[in-house]
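> pasted the sequence and its predicted model underneath.
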Amino acid sequence: MRFLTLSIAALASAVTVLAADEVKIDVTRAVECERKSQKGDKISVHYRGTLQDGGKQFDASYDRGTPLSFVVGKGSVIKGWDDNLLDMCIGEKRTLTIPPAFGYGDRAMGPIPAGSTLIFETELMGIDGVEAPVSIIEKSSASSVADSATEGVKHGAASVVSKAAEAAMTILADTDGDGQEHNEL
């Protein structure tokens, strides 16, 4: 019985950690396009990187005047970029809040302390082999859709944790010491 209680408590803790340990994407400028970035594309991205703790800027391609070019989805950059700069239109801007597990983890990297959550303002400037649009057509609703999706995931995780906690309380209540085994679960 106690093993089951501990197992449920561990599950509830794991769900909470997993929900907190994800990259948050905020689309700050959504645009329409025919071709979005895909795994294997060589893309050019302007960015500004800051530390969540204190907001100190540690790097910015904007300051150098040249976007960073790399093949997305191939592991050439941190996982928070590799996974979250896909399905972007040229001209689209996203702010990525990247927890340590998707950034540099427990390693310090130059001006970035170990265990840091990173905030990147990103802008997709180009995709090799894809003609840049003559003009950028902005969408107004994409940010609210992304926010709604994020809230849905948070609500779902909170619901699972709540149910697990409720089950744990039921199991604890069933160990009332009256010598009778309760098998309601």
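Structure received. Numbers count the residues shown, from 1 in each chain.
> for G115, which non-adjacent residue is spatially closest?
On the basis of CB to CB, 6 or more residues apart in numbering, the spatially nearest residue to G115 that is not a chain neighbour turns out to be P100, at 5.0 Å. Quick note: C-beta positions are derived from backbone N, CA and C, even for glycine.
> just confirm the one you found contacts D106, I think it does.
Yes: in this structure P100 lies within contact range of D106 using CB atoms under 8 Å: 6.9 Å.
> overlap in contacts, those two.
Among the neighbours of P100, those also in contact with D106 (CB atoms under 8 Å, 6 or more residues apart in numbering) are 114-115.
> these two: which has the busier surroundings?
Counted by other CB atoms under 10 Å, P100 and D106 do not tie: P100 has more neighbours, with 18 against 9.
> check contacts around the more buried one.
Neighbour list for P100: 106, 114-117 [criterion: CB under 8 Å, 6+ apart].
> the same query, at a cut-off of 7 Å, please.
With contacts defined as CB atoms under 7 Å, 6 or more residues apart in numbering, P100 is in contact with 106, 115-117.
> most neighbours of all those residues, which one?
Ranked by the number of neighbours (other CB under 10 Å), the contacts of P100 place S116 first, at 23 neighbours.
> does that residue count as helix, strand or coil?
S116 falls in the coil class when you classify it by DSSP: H, G, I helix; E, B strand; the rest coil.
> so what's it up against?
Under the criterion of CB under 7 Å, 6+ apart, the neighbours of S116 are 51, 53, 100, 103-104.
> now, the residues you listed that are in strands?
With strands taken from DSSP state E, the overlap with those comprises L51.
> mind putting the contacts of S116 in a markdown table, distance to K74 and pLDDT included?
Converted to a markdown table, the contacts of S116 look like this (distance: CB to CB, whole Å; pLDDT from 0 to 100):
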| residue | distance to K74 | pLDDT |
| --- | --- | --- |
| L51 | 26 | 98 |
| D53 | 30 | 95 |
| P100 | 22 | 98 |
| G103 | 17 | 97 |
| Y104 | 18 | 97 |
